[in-house]
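Q: Sequence first, then the predicted structure:
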Amino acid sequence: MTNLAVETAEQASEKLLWYLCRWQVEIYFKVLKSGCRIEELQLEKRERLEPALAFYMIIAWRVLYLTMLGRDCPERPCDTVFADEEWKAVYLVTQRKPPPEQP
């Protein structure tokens, strides 16, 4: 439903595309709330809440971006989005052994 004028097929297509973006927004907030657990922060002062929220919003965006990229291009190597230091650190922590030279 919309209160915007829809008088042509082009306008209808535009509104449909807007609606299709809604699912991405829903997933973004799910990552923010469930993955980042921002509701558990329980920050009471605005001076603390705003920087924390800004930080976690960037993390949630990156998680969503990487999820979508992984679905669209599953064979893409991780070094297209991560610096060598980043993927090697994750490999070291998750595999508990030195990372390979190539990702």
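A: Nice, thanks for sending it over. What you see is a predicted model, and the numbers here were worked out from it, not measured in a lab.
Q: Surely C78 is in contact with P99?
A: No. With the criterion set as CB atoms under 8 Å, C78 and P99 do not qualify as a contacting pair; they are 10.6 Å apart. No exception for glycine: its C-beta is placed from N, CA and C like everyone else's.
Q: shared neighbours of these two, anything?
A: Residues touching both C78 and P99 (CB atoms under 8 Å, 6 or more residues apart in numbering) are W87.
Q: Now the element after the host helix or strand of Y65, going C-ward?
A: When secondary structure is defined by DSSP states H and E, Y65 falls within helix 46-72. Remark: after helix 46-72, the chain's next helix or strand is helix 84-95, criterion DSSP H and E.
Q: quick one: contacts of the helix or strand containing K30?
A: K30 is located in helix 9-30, with elements delineated by DSSP H and E. Outside helix 9-30, the residues that touch it by CB under 8 Å, 6+ apart are T2, L4, A5, V6, A60, W61, L64, T67.
Q: Just the buried residues of those.
A: Buried subset of those (neighbour count, 16 or more other CB atoms under 10 Å): A60, L64.
Q: want to throw the contacts of helix 9-30 into a markdown table with distance to V93 and pLDDT?
A: Below are the contacts of helix 9-30 laid out as a markdown table (distance: CB to CB, whole Å; pLDDT from 0 to 100):
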| residue | distance to V93 | pLDDT |
| --- | --- | --- |
| T2 | 47 | 79 |
| L4 | 48 | 87 |
| A5 | 54 | 88 |
| V6 | 51 | 91 |
| A60 | 21 | 94 |
| W61 | 22 | 93 |
| L64 | 22 | 92 |
| T67 | 20 | 91 |
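Q: ok, and the closest non-adjacent residue to V6?
A: Spatial nearest neighbour of V6, chain neighbours left out: A12 (5.1 Å); criterion: CB to CB, 6 or more residues apart in numbering.
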